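Engineer: sharing a sequence plus its predicted fold:
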There are 2 protein chains.
Amino acid sequence: MNQKNNRRNFVKTAATGVIASLSIPSIITSAFAGERSKKTILSQDDVVLFQGDSITDWGRDHNKNIANDFGTLGSGYVLLTASSLLREYAAKNLKIYNKGISGNKVFQLSDRWDTDALTIKPNVLSIMIGVNDYWHTITSGYKGTLDVYRDDYRKLLDRTQKALPGVKFIIGEPFAMKGVKAVDDTWYPAFDGYRKVSRETAAEFGATFIPYQSVMDEALKLAPANYWSLDGVHPSAAGAALMAYAWQNAVKG
Amino acid sequence: MNQKNNRRNFVKTAATGVIASLSIPSIITSAFAGERSKKTILSQDDVVLFQGDSITDWGRDHNKNIANDFGTLGSGYVLLTASSLLREYAAKNLKIYNKGISGNKVFQLSDRWDTDALTIKPNVLSIMIGVNDYWHTITSGYKGTLDVYRDDYRKLLDRTQKALPGVKFIIGEPFAMKGVKAVDDTWYPAFDGYRKVSRETAAEFGATFIPYQSVMDEALKLAPANYWSLDGVHPSAAGAALMAYAWQNAVKG
């Protein structure tokens, strides 16, 4: 289905009047409705670290280590989230870092964890990882299984809790938008396992969980998948803004 | 005053409890309190164009002409504003462009207006221009006066209204943060004239006016000037997010 057809179908749907009653806050409310995880409280002088893959990285400058900086935050959902946090919680003196690296799977976070997480001593650690743990098995011959993802993720968080007692975890659900470029029926049900593991791991470690897949699924009521996603995996500007909105809904000052 | 001292003074202020009662919405409400201009209504299928100088440009790809695109939106306040609009008004099918160019003064917008504004046929045209019209007189020997700024701005808007009847203007006030790097007492009262002209020009053309200077002045109640601005002229990530918030307050769906 190309963009034009998608748009046409969407407009047709809109014409039924279903859309008119929906808005972004209601989408977020619906997406979070089933969640039991608590919101993360942002405190004075908190150091907030975003970790993950290309969705997190998004063009950030890897050669600098400055908090709250346009270059080091990149220009994806982390910039959108961080700049909103810095605006909304201006009096809290937050220091926000982005250390995502494109293509990363959970074992690659482990490999660089001392430098890119533990030495930063975050009070709040937001991790979104997993789509490549699945995707690369079908595109790059990666041999890691779902069990590897689960075990590596658990070890990573366990190691982090031991090094940084009291650290608050925010775990983002890996998501995909079926029907957009890279993502087709062959992803399912295998990919859903990674979503499930991220949710279970979040619960196991008392993390705040952000159900990005539910958020994106709800967003389809407002606009088609290729409005929110560039290729099924990477969000558009609209999708990144929606992620940032969901992230902010998972915290409070 | 260096950043450390600024922070210390700020924390001292915060300790008095004055800060606790303030929040971003109240800042925006206060900043807009005296404004008489109407909000701009965003309609279905609107084309929204952002025009201006480096604050608008902010690393955008000048070689592409794609709406709603991470590369062409840059990573400054326009990205923050546009992505939020695309999220909040997802069902409106907005097409958002950024054509700001670093260093521009109002006459330089005129020089490229056919290509970079009129051919795009925006329904909503957001312009923020003027800080260089003053700044370059003290740094680069630019000879344009305040009258030149006023006349050129008026001609630009008049030409636009003739070419695009019904276009809705949003005019952003040029602002500066005194005491941060480039901006000192020598800017005043001369620079205030440019702010005044932008406001008067907005009123003359029935534009929605965004009082960015008032917004930034109010924001000083929450954090010091160098929290919001990198050099007195260019906003930090926090400052850009505040601009985006103010912009969104000036429109409705």
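Structural biologist: Right, received. Where do you want to start?
Engineer: which residues of chain A lie near chain B?
Structural biologist: Contact residues (CB under 8 Å from any CB of the partner chain) of chain A with chain B: A:7, A:14, A:19, A:22, A:24, A:58-59, A:68-70, A:73-76, A:79-80, A:82-84, A:86-88, A:90-91, A:93, A:219, A:222-223, A:227, A:236-238, A:240-242, A:244-245. For glycine as for every other residue, the C-beta is placed from the backbone atoms N, C-alpha and C.
Engineer: could you rerun that using 7 Å?
Structural biologist: A:14, A:19, A:24, A:68, A:70, A:73, A:75, A:79-80, A:82-84, A:86-88, A:90-91, A:219, A:222-223, A:227, A:236-238, A:240-242, A:245 (CB under 7 Å from any CB of the partner chain).
Engineer: in helices, which of those residues fall?
Structural biologist: Judged by DSSP state H, the residues of chain A next to chain B include A:14, A:24, A:70, A:73, A:79-80, A:82-84, A:86-88, A:219, A:227, A:237-238, A:240-242, A:245 as members of helices.
Engineer: for A:Asn132, give me the pLDDT.
Structural biologist: Looking at A:Asn132, its pLDDT stands at 98.
Engineer: tell me where the stretch 51-200 of chain A has strands.
Structural biologist: Using DSSP state E, counting those that start in this stretch, the strands found in the stretch 51-200 of chain A span residues A:95-98, A:124-128, A:168-172.
Engineer: can you put those strands in TSV and add mean pLDDT and mean neighbour count?
Structural biologist: Below are those laid out as TSV (pLDDT from 0 to 100; neighbours: other CB atoms under 10 Å in any protein chain shown):
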stretch	mean pLDDT	mean neighbour count
strand A:95-98	98	24
strand A:124-128	99	25
strand A:168-172	98	24
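Engineer: so which of these comes closest to A:Thr115?
Structural biologist: strand A:95-98 (12.0 Å; CB to CB).
Engineer: sheet-wise, list the partners of the closest one with their directions.
Structural biologist: strand A:47-52 (parallel) (DSSP bridges).
Engineer: what average pLDDT does the strand it pairs with get?
Structural biologist: Strand A:47-52 shows an average pLDDT of 99 in the prediction.
Engineer: got the angle for that strand vs strand A:168-172?
Structural biologist: Strand A:47-52 runs at 30 degrees relative to strand A:168-172, counting by axes from the mean of the first three to the mean of the last three CA atoms, to 10 degrees.
Engineer: contact partners of strand A:47-52?
Structural biologist: Residues outside strand A:47-52 that contact it (CB atoms under 7 Å, 6 or more residues apart in numbering or on different chains): A:56, A:78, A:94-100, A:104, A:109, A:117, A:120-129.
Engineer: next: stretch A:183-198.
Structural biologist: Residues contacting stretch A:183-198 (CB under 7 Å, 6+ apart): A:130, A:133-134, A:146, A:149-150, A:153, A:171, A:173-174, A:176-178, A:213, A:232-233.
Engineer: ends of stretch A:30-38, how far apart?
Structural biologist: Distance across stretch A:30-38, first residue to last, is 16 Å (CA to CA, to the nearest Å).
Engineer: buried residues, it. List them.
Structural biologist: Applying a neighbour-count criterion of 16 or more other CB atoms under 10 Å in any protein chain shown, one finds A:31-32, A:35, A:37 buried in stretch A:30-38.
Engineer: in JSON lines: these, plus secondary structure.
Structural biologist: Putting those into JSON lines (DSSP: H, G, I helix; E, B strand; the rest coil) gives the following:
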{"residue": "A:Ala31", "secondary structure": "helix"}
{"residue": "A:Phe32", "secondary structure": "helix"}
{"residue": "A:Glu35", "secondary structure": "coil"}
{"residue": "A:Ser37", "secondary structure": "coil"}
